[in-house]
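> okay, sequence plus prediction incoming.
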Amino acid sequence: MSLIQFFNVTKQYPPNITALDDVSVKIDKGEFVFLVGPSGAGKTTFIRLLFREEVPNRGQIIIGGRSISRLKRKEVPLLRRNIGIVFQDFRLLPDRTVFENVAFALRVVETHPREIKPRVEKALAQVGLSNRARMFPHQLSGGEQQRAAIARAIVNNPGILVADEPTGNLDPATSGDIMKLLEEINRLGTTVIMATHAWDIVNSMRKRVIALQHGRLVRDDREGGYGYEA
Amino acid sequence: MSLIQFFNVTKQYPPNITALDDVSVKIDKGEFVFLVGPSGAGKTTFIRLLFREEVPNRGQIIIGGRSISRLKRKEVPLLRRNIGIVFQDFRLLPDRTVFENVAFALRVVETHPREIKPRVEKALAQVGLSNRARMFPHQLSGGEQQRAAIARAIVNNPGILVADEPTGNLDPATSGDIMKLLEEINRLGTTVIMATHAWDIVNSMRKRVIALQHGRLVRDDREGGYGYEA
Amino acid sequence: MKLRTAGYFFRQAALSLWRNVWMSLAAAASVAISMFLLGAFLLLVFNVNHIANNLQSNVEIAAFLQVDVPRQVSLHIQDQVRALPGVTEVTLVPKEEGLQQLSQQFGSEQDLLAATGGVNPLPDYLRVRVADPQSIQSVAEAIKAIPGVEKVNYGQEVVERLFAVVRWLRWLGVGIIAMLGLGALSLIVLTIRLAVYSRRREINIMKYVGATDWFIRWPFFLEGLWLGLFGSGVAALAVYLGYRLVLNMVGPAAVFVPLIRDQGLLLWSTLGLVAGGSLVGALGSLFSIRRFLKV
Amino acid sequence: MKLRTAGYFFRQAALSLWRNVWMSLAAAASVAISMFLLGAFLLLVFNVNHIANNLQSNVEIAAFLQVDVPRQVSLHIQDQVRALPGVTEVTLVPKEEGLQQLSQQFGSEQDLLAATGGVNPLPDYLRVRVADPQSIQSVAEAIKAIPGVEKVNYGQEVVERLFAVVRWLRWLGVGIIAMLGLGALSLIVLTIRLAVYSRRREINIMKYVGATDWFIRWPFFLEGLWLGLFGSGVAALAVYLGYRLVLNMVGPAAVFVPLIRDQGLLLWSTLGLVAGGSLVGALGSLFSIRRFLKV
Ligand SMILES: Nc1ncnc2c1ncn2[C@@H]1O[C@H](COP(=O)(O)OP(=O)(O)OP(=O)(O)O)[C@@H](O)[C@H]1O
Ligand SMILES: Nc1ncnc2c1ncn2[C@@H]1O[C@H](COP(=O)(O)OP(=O)(O)OP(=O)(O)O)[C@@H](O)[C@H]1O
Ligand SMILES: [Mg+2]
Ligand SMILES: [Mg+2]
């Protein structure tokens, strides 16, 4: 059975915006999936539904065999802990340092304090931010904030890693490093779903590509390239 | 005389981060300049100094013949009104609609109300956001927010347009449209300075490229390509 | 500033209140509570003062005449006392009446007169009221100087005591009002600061887009003004209606508690509340955004 | 929750207060002002009540005996009265002393006795104090029933009047405290709501990263607790010192204003303030984040 399943999912925002329109898709454990589509196509909405920031108006989302619309309120945090998320707008806690922001993902699962420091430091090193650990988000450049968000998403070794535009603020060299990191993580068994506009990365990696347009699934290729014309 | 002049500008952030290091550069009226460099190189800092969000620790910045470190407090808004800015983090007013956010740039210069509507509508049409005018920033996708920020920057026909990563959240097609728009604006006489990581755009446009690395100016080519190795 | 810009400010302030409606309500409620407390105590202190004045002006002087003074002379002395400046009322209590009162007190009416062999040992006396309680001592002395007056008594000790208590009450009232006024002021300013604080980013953004300080200030000023106006308006209404309620409730039973029933005072103090609240709101708002304008 | 997580919560709450230091101070100041007002009025009402009790228990019964009762019988009656339940003090005022007092009142000492031909027309009387002012009427009636007692007088009218005023004062006091308590409660809750409101995004982010509700709540709960503790601690200290100051200032002059000098009450009410403030702060904080947890 697939790890993630969307059955005829439709998401509408008030007043009358259909962000996702009857989308059905299956993603298996260990897959690496690119989510592409023009601005406003529904990529972020797809991701929001995954970790239940939003619930669909119609259709079903099954993750690990459970319908997430049916999760009890107390179970939602458990779902989210198993999903590492890189938000398009970073969503770092403004009054905590980079270190604390990354550590927070470990704290919520009550990791032993002795473990926290080395694991956070490793994650920060992986994204090249070791020398910014003591700084606050507003003291970072755009790319550095993005990398901090990535570090927070991976520190917990989640089963699923969802990244919304994780290279949007990064130069090509750093982007390359981050992509190598994501591939590495994927190789170790984590399912990776990444929304992106970076056609060069998509084209060079030849992974599965899911293309959205106007909220509809228009293409789903095993080893696809960038592009979303139906 | 050049429109914008940096003389040996150094900007340090506490505790000991040198974001810009002895940068001297001249930009003439009507130029189109790309600002490139790896994440954390100092591009955003360069832009912040331009509109006086920050003041340099050493060196001088002259815009239109005036040293902007010597501006009186009341003159700062006048400087800013002549510079349209697209922020890397958008900085839209959260409790105003897209229309009101764009209109705000006109209101501060006390444009006649009758003029405001058509001009805002034209700017929104130029970035392809006409159908999102009544929505609030948090209801927009990342790319849509970016375009709203661009609309606000251009609505006022500023003498200088500064854009920090204006295509970071945009798909290639929309990016192309935005670049055409910026070129058009530049052709009409506006000086455009754009920080970006989009090497494909930089390479295809063959405009002036200023490259920063670790806060230092490492390259300044008339018709350059992307790249910042010294 | 052009006139049409003013219109924009008004609309903007209203919109802003509406879009932060939850925060606006919290701030306005805070203003309302503070101003209500202030208003309620203002009226309380006014009333305590009123009652104290009342008590004081009820103080009487008893002037005992010499025992052997004939009734004719007593009446003459009464006229003399009545002519003294500051005296409002003089009643002559003839010795017969005095004895009757005394007898009643001991509960043996006939016995007392009988016991003394039909001789009334008491003097006539005058009950004197003065206009200004503060002048009681000097009036007493003037009366004492009149020939035929044996002793003047106005319960010196009790009166001194009463006056001390009243003085103390007045100071207490002033202290309470000052304390509550300061408290209300600080609370309103703090509330508005917190409300503005949660919008500090907004102010920054405005500055970055080229708005002048005044352009940013105006809508905030108006917002503060309206918050203050609304909050203290509610408070004033509550104070007004609450006081009317108290008057009605205490009303018939309160011969002993003479409350102020003057509509003017009530109106002026509620108006004062509203004006004060609005002012504090507007200025508090201006003051609070100051630190965020420095960018 | 593991124990080490508790340590993290404590550090997190402290850090958070420190990083939002400006907001924390505003909120704590708001708590302090509200609680100070409440505390000050609490003591005021206690004192007014105390003074009123004092006044009431100063009320005496005067029991006039029959004029012809011999001194021996008077003394016997005194013993009988003393044995009545609720009576605390009985003083016999012999008729000689009574006459002297009366004479002094009229300012003609010798004349009065002389005028009556050396015959003292007055009866002996007893001055009776009771433990509980409410029982004064029943005691008076019991005394009246004793043979040899002619008339019992406790200034019925005045006492009724005094009791009415005191009752009124008590209700007023309860009303004021209730009003201020409610006001302080609302002000603290509103303040903390505003403080939490400005951090709503932070709460959202925590939820998105997989924090359980309680994991988010704890530090906020502690923050609220500390804000309340600190604010009301300052208030309690101010009330305590302020009251000592008032005692010292009024001290010698205040024979007329018998303030409570009981350290226990002062201590308990300040402790009560601190406990109440902390509780309201903590619960207000919990209550305020609730709506932001629903994501
Ligand atoms: N307020 C601040 N306090 C301290 N350090 C800061 C602050 N703002 C920026 N920096 C540091 O200054 C350096 C330059 O930052 P800047 O934002 O100019 O980089 P950038 O070239 O825009 O990078 P990016 O492409 O990632 O946006 C970074 O290393 C950043 O951490
Ligand atoms: N809270 C909301 N309320 C109303 N409309 C919304 C809301 N969030 C998103 N939308 C709309 O839904 C559509 C899809 O948004 P989404 O964020 O999923 O796009 P996206 O594919 O991530 O775009 P981008 O590449 O620009 O980030 C957009 O048109 C957007 O305006
Ligand atoms: Mg998106
Ligand atoms: Mg930048």
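Great, that's in hand. Numbers count the residues shown, from 1 in each chain, chains lettered A, B, ... in the order given. Ligands and ions are numbered 1, 2, ... in the order given.

> wait, doesn't C:Val22 sit right on D:Tyr197?
Just to correct that, residue C:22 is Trp rather than Val. Yes: the pair C:Trp22 / D:Tyr197 is scored as a contact, 7.3 Å apart, by C-beta atoms under 8 Å. Yep, even glycine has a C-beta here, placed from its N, CA and C like the rest.

> between the two, who's got more neighbours?
Shown here are C:Trp22 and D:Tyr197; by other C-beta atoms under 10 Å in any protein chain shown, D:Tyr197 has more neighbours (20 against 12).

> list the residues that contact that one.
By C-beta atoms under 8 Å, 6 or more residues apart in numbering or on different chains, D:Tyr197 lies in contact with C:Trp22, C:Met23, C:Ala26, C:Ser198, D:Ser288.

> and for the one helix or strand A:Thr45 maps to, what are the contacting residues?
Taking DSSP states H and E as the definition, A:Thr45 sits inside helix A:43-50. With C-beta under 8 Å, 6+ apart as the test, helix A:43-50 has contacts from A:4, A:6, A:9, A:11, A:19-20, A:23, A:35-37, A:54-56, A:61, A:63, A:83, A:85, A:88, A:160, A:162, A:164, A:193, A:195, A:212, A:215, B:141-142.

> could you redo the last one with a cut-off of 7 Å?
Contacts with helix A:43-50, where a contact means C-beta atoms under 7 Å, 6 or more residues apart in numbering or on different chains, come from A:9, A:11, A:19-20, A:35, A:37, A:54, A:56, A:61, A:83, A:88, A:162, A:164, A:195, A:212, B:141-142.

> same check, this time on stretch C:215-227
B:108, C:9-10, C:12-13, C:16-17, C:24, C:27-28, C:31, C:192, C:196, C:203, C:206-207, C:278, C:281-282, C:284-286, C:289, C:293.

> show me how far it is from its chain's centre.
34 Å (C-alpha atoms, centre = their mean, to the nearest Å).

> let me see the mean pLDDT of it.
Taken as a whole, stretch C:215-227 carries a mean pLDDT of 89.

> with stretch C:176-185 instead?
83.

> in it, what's buried?
C:Ile176, C:Ile177, C:Met179, C:Leu180, C:Gly183, C:Ala184, C:Leu185 (16 or more other C-beta atoms under 10 Å in any protein chain shown).

> picking up where we left off before, return the subset of the contacts of helix A:43-50 lying in strands.
Under the assignment DSSP state E, the contacts of helix A:43-50 contribute A:Val9, A:Lys11, A:Ala19, A:Leu20, A:Leu35, A:Ile61, A:Ile83, A:Val162, A:Asp164, A:Ala195, A:Leu212 to strands.

> turn those residues into JSON lines, including pLDDT, distance to B:Ile185 and neighbour count.
JSON lines is the format used below for those (pLDDT from 0 to 100; distance: C-beta to C-beta, whole Å; neighbours: other C-beta atoms under 10 Å in any protein chain shown):
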{"residue": "A:Val9", "pLDDT": "96", "distance to B:Ile185": "40", "neighbour count": "24"}
{"residue": "A:Lys11", "pLDDT": "96", "distance to B:Ile185": "36", "neighbour count": "22"}
{"residue": "A:Ala19", "pLDDT": "95", "distance to B:Ile185": "31", "neighbour count": "23"}
{"residue": "A:Leu20", "pLDDT": "95", "distance to B:Ile185": "35", "neighbour count": "27"}
{"residue": "A:Leu35", "pLDDT": "95", "distance to B:Ile185": "32", "neighbour count": "25"}
{"residue": "A:Ile61", "pLDDT": "95", "distance to B:Ile185": "44", "neighbour count": "21"}
{"residue": "A:Ile83", "pLDDT": "93", "distance to B:Ile185": "42", "neighbour count": "24"}
{"residue": "A:Val162", "pLDDT": "96", "distance to B:Ile185": "37", "neighbour count": "25"}
{"residue": "A:Asp164", "pLDDT": "94", "distance to B:Ile185": "30", "neighbour count": "24"}
{"residue": "A:Ala195", "pLDDT": "96", "distance to B:Ile185": "30", "neighbour count": "26"}
{"residue": "A:Leu212", "pLDDT": "95", "distance to B:Ile185": "31", "neighbour count": "26"}
